[in-house]
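S.K.: predicted model and sequence follow; I will ask about them next.
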Amino acid sequence: MKRARLPLLAVLPATVISLVVAVPFVAGDHPLRWESGSLVPHLVLHDQDATRPAGSGSTTTASNASPAAPKVAEVAQKWKKGMPQWGAQLYWEDNPAHSLEYVEKQARLHANYLVGLHANSVSISFPFVTKNRFADEVSRGTKTPTPDRLARVLQIFHEAGLRTTVRPLMDEKTLEPDNAWRGSIKPADRDAWFASYEKFLTPYLKAADGEKAATFVIATELNSLQGDPHWDSLVDDAEKLFTGEVSYDANWDAYVSGPVTMPVRHLGIDAYFPVKVGDDASVQTLVDGWDNWLDRKATGPLPKITIAEAGIGAMNGAYHAPGDFYTKRAVNPKVQANWYTAVCQVVQERHMSGVYWWSIYFDDDPNTKPDDQKASRLDFAGRPQSEKAIKACFTSDYAGPGPDTAS
């Protein structure tokens, strides 16, 4: 029997919806809505080239002659429905020259690292490409993993006991002009764009279903296409191929400014809420800052919401722009660690489904301290204070939103 799907607003918990007093603001050629008196530009850009030049950070140089892949040393506490999703976003730009043995080795390396943090979940984000903002087609790029290689990585994470999410992410490096955002795309022919997108997604939906992934994120941060009626048939077709949860990840600005009208039953938020406080702000002050943003949409528990991305640079001034992927100011590990502690507190107090930290890069060794001359300040792997905060979060006594509300 076909599963009933409702517009997202209809499945949010019974909460008090607060009115948003917003004014239009034009960034480039796309209108955004902002809270009156708080014009904060979008900064979630995920541009690998800008944050991690070739050979930078703790990236492990690999060749086809990779060492034998180690076995998964530990197994996570198996996630069950209703438990919080404690995880990280693993961003994978595949290199076809890397052997399958190398891919397996890296997957096991990350599985062991995540289990060591007491994670029970992992989300695999990987790029796909388009020619420009107005193109009617999307496709695999040179760095897009094949469905078969994705399936093998999912299998390895399952061996480690981790809940898995599959998350295609439009590569912004292929958009024009430079630094254009995926949420501003304007395909000239939407019929053609959605047909192309479904064709691209189909083998990945099949791979995810074959390896029993728990969630498939049908799209991420596509503000300009939210509410398009084409999503109804696309999600219908996806649910025929994938028996798990089909979700959508909204950008934080779209979430707080109005309804996110997508035909899915679960919503993730790429949550980079700016909090205008000093570097010495207390954890509670940061919690209050997050609650002020969330209360613009709804007060009280949010059991149908997952923080799909939470991250911040380990540097001075980061609270003002958590999603700044480009700037490299003086390193301040405490800023990142306190932010993680605050976000975890918000997730628990608002009875959310969980959180995924942005991010770990697939080719990195997460056990190596990042090279702050080259690596992104948002990297958390290898930063002891941040890892301590993550472990404290993942070992807390929070039981989750409950089996009747969480997928």
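M.R.: Here it is on my side, so go on. This is a predicted model, so every value here is computed, not measured.

S.K.: tell me the secondary structure for Ser386?
M.R.: Three-state call for Ser386 (DSSP: H, G, I helix; E, B strand; the rest coil): helix.

S.K.: go on, Arg167?
M.R.: Applying three-state DSSP: Arg167 is strand.

S.K.: shouldn't it be in contact with Ile124?
M.R.: Yes - Arg167 is in contact with Ile124 according to Cβ atoms under 8 Å; the separation is 6.4 Å. From N, CA and C alone the C-beta is placed, and that goes for glycine too.

S.K.: and the helices in the stretch 51-200 of the chain?
M.R.: Secondary structure of the stretch 51-200 of the chain (DSSP state H, counting those that start in this stretch): helices located at 100-116, 147-159, 190-210.

S.K.: so what touches the longest one?
M.R.: In other words, helix 190-210. By Cβ atoms under 8 Å, 6 or more residues apart in numbering, the surrounding residues in contact with helix 190-210 are 128, 135-140, 147-148, 150-151, 154, 164, 166, 168, 187, 216, 218, 225, 228, 230-231, 234, 237-238, 241-244.

S.K.: do the second one as well
M.R.: Contacting residues not belonging to helix 147-159 are listed as 72, 75, 92, 94, 100, 103-104, 107-108, 111, 122, 124, 126, 145, 164, 166, 203-204, 206-208, 210-213 [Cβ under 8 Å, 6+ apart].

S.K.: 7 Å - rerun?
M.R.: Outside helix 147-159, the residues that touch it by Cβ atoms under 7 Å, 6 or more residues apart in numbering are 72, 94, 100, 103-104, 107-108, 111, 122, 124, 164, 203-204, 206-208, 210-213.

S.K.: drop anything exposed from these.
M.R.: 72, 94, 103-104, 107-108, 111, 122, 124, 164, 203-204, 207-208, 211, 213 (16 or more other Cβ atoms under 10 Å).

S.K.: which two in these are spaced the farthest apart?
M.R.: Val72 and Pro203 (26.0 Å; Cβ to Cβ).

S.K.: related to what we said a few turns ago, for Lys173, which of the helices of the stretch 51-200 of the chain is the nearest?
M.R.: helix 190-210 (17.2 Å).

S.K.: chain center to that closest one: distance?
M.R.: Helix 190-210 has its C-alpha centroid displaced from the chain centroid by 19 Å (Cα atoms, centre = their mean, to the nearest Å).

S.K.: which elements pack onto the helix or strand just after that helix?
M.R.: Next in sequence after helix 190-210, counting helices and strands by DSSP states H and E, comes strand 215-220. In terms of contacts (3 or more Cβ pairs under 7 Å, 6 or more residues apart in numbering; DSSP states H and E), strand 215-220 is packed against strand 163-170, helix 230-241, strand 245-251.

S.K.: quick one: strands adjacent to strand 215-220?
M.R.: strand 163-170 (parallel), strand 245-251 (parallel) (DSSP bridges).

S.K.: can you redo those strands as CSV with mean pLDDT?
M.R.: Converted to CSV, the strands paired with strand 215-220 look like this (pLDDT from 0 to 100):
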stretch, mean pLDDT
strand 163-170, 98
strand 245-251, 98
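
S.K.: reformat the ones you listed as a markdown table; add distance to Lys334.
M.R.: As requested, the strands paired with strand 215-220 are exported to a markdown table (distance: least, Cβ to Cβ, whole Å):
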| stretch | distance to Lys334 |
| --- | --- |
| strand 163-170 | 30 |
| strand 245-251 | 27 |
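
S.K.: so which of these is nearest Ala389?
M.R.: strand 163-170 (21.1 Å).

S.K.: flag every buried residue along that closest one.
M.R.: So strand 163-170, judged by 16+ other Cβ under 10 Å, has buried residues Arg163, Thr164, Thr165, Val166, Arg167, Pro168, Leu169, Met170.

S.K.: average pLDDT for stretch 263-281, rounded please.
M.R.: In this model, stretch 263-281 has a mean pLDDT of 97.

S.K.: now do it: distance from first to last residue.
M.R.: Start-to-end span of stretch 263-281 (Cα to Cα, to the nearest Å) is 39 Å.

S.K.: list the buried residues for it?
M.R.: 263-275, 281.

S.K.: now these in a markdown table, with distance to Ala308 and secondary structure?
M.R.: Shown next, in a markdown table, are these (distance: Cβ to Cβ, whole Å; DSSP: H, G, I helix; E, B strand; the rest coil):
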| residue | distance to Ala308 | secondary structure |
| --- | --- | --- |
| Pro263 | 18 | coil |
| Val264 | 12 | coil |
| Arg265 | 15 | coil |
| His266 | 10 | coil |
| Leu267 | 9 | strand |
| Gly268 | 3 | strand |
| Ile269 | 6 | strand |
| Asp270 | 6 | strand |
| Ala271 | 8 | coil |
| Tyr272 | 11 | coil |
| Phe273 | 14 | coil |
| Pro274 | 18 | coil |
| Val275 | 19 | coil |
| Ala281 | 24 | coil |
